Structures are given as C-alpha cells and as structure tokens.
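Could you look at this predicted model? Sequence included:
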Amino acid sequence: MEIITVLFIVLFALIFFKIFGVLFHTGMFLILLPLKLLAVLFSALLVVFILIPLGIVGAIAGVFLAPFALFVVFLPVILIVWGIYLLVKN
C-alpha cells in the first residue's frame, strides 16, 4: 500500500512539474517576445543600412582591384626584369 502511495505522490509531482514547466516556458516566451521582435528589427536595419552598402562597395572595389591581383602574381618576375634593366642601363 505504501508503494502505491509513493507512486501516486511521484506521479502527481511529475504532473505538477510538467505543468509548471509549460507555464514557465510560456511566460518566458511572452516576456521575451518584445525583445525578439526588437532583435529582428535591428538585424533587418543592420542588413539594409550596413551590410548591403558594404557588399556593393566591396564588389566595386573587387572589379577595380582585380588587375592588381594579377599584378601581384607576376611581381617577382617584374622586379627581376626591372633590376636587370637597371643594371644594364648603368
């Protein structure tokens, strides 16, 4: 008989904690909802006013600086040829 009583107490405790957990989760969701909406607003503003213009500037800079990337690859050859030219010139 005591085992059945203990099992009922454990069962009611589990049910109480489950209900308490659901209420706590719902309460935290309702408390944090304005902060979540504010975070979405700030992230949208960040994307529109900072990331998109930086992406456009980066794309334009990439188009104009692409020839310099090729120049850097051939820089040792160019420096060697320039050094030989300066030696021969003197």
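Sure thing, it's come through.

residue closest to the middle of this structure?
S43 (10.7 Å; Cα atoms, centre = their mean).

Secondary structure element for it, which one?
helix 2-46 (DSSP states H and E).

Not counting the helix or strand just after that helix itself, show me its contacts.
Proceeding N to C from helix 2-46, the next assigned helix or strand is helix 52-73, under DSSP H and E. Applying Cβ atoms under 8 Å, 6 or more residues apart in numbering, the set of residues contacting helix 52-73 from outside is I78. For every residue, glycine as well, the C-beta is placed using N, CA and C.

Okay, buried residues for the helix or strand that comes right after helix 52-73 please.
Sequence order places helix 75-89 as the next helix or strand after helix 52-73, per DSSP H and E. For helix 75-89, burial by neighbour count (16 or more other Cβ atoms under 10 Å) applies to no residue.

Pull the CA coordinates from helix 75-89 and hand them back as CSV.
Output of helix 75-89 as CSV, limited to C-alpha atoms (Å, rounded to 0.1, in the frame of the first residue of the first chain):
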residue,chain,number,x,y,z
LEU,A,75,55.5,40.9,-59.1
PRO,A,76,58.7,38.8,-58.6
VAL,A,77,59.2,38.5,-62.4
ILE,A,78,58.6,42.2,-62.9
LEU,A,79,61.1,43.1,-60.1
ILE,A,80,63.7,40.8,-61.6
VAL,A,81,63.2,42.2,-65.1
TRP,A,82,63.3,45.8,-63.6
GLY,A,83,66.5,45.0,-61.7
ILE,A,84,68.2,43.6,-64.8
TYR,A,85,67.1,46.7,-66.7
LEU,A,86,68.6,49.0,-64.1
LEU,A,87,71.9,47.0,-64.2
VAL,A,88,72.1,47.1,-67.9
LYS,A,89,71.1,50.8,-68.1
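
Just list what it packs against, helices and strands only.
Where contact means 3 or more Cβ pairs under 8 Å, 6 or more residues apart in numbering; DSSP states H and E, helix 75-89 is not packed against any helix or strand.
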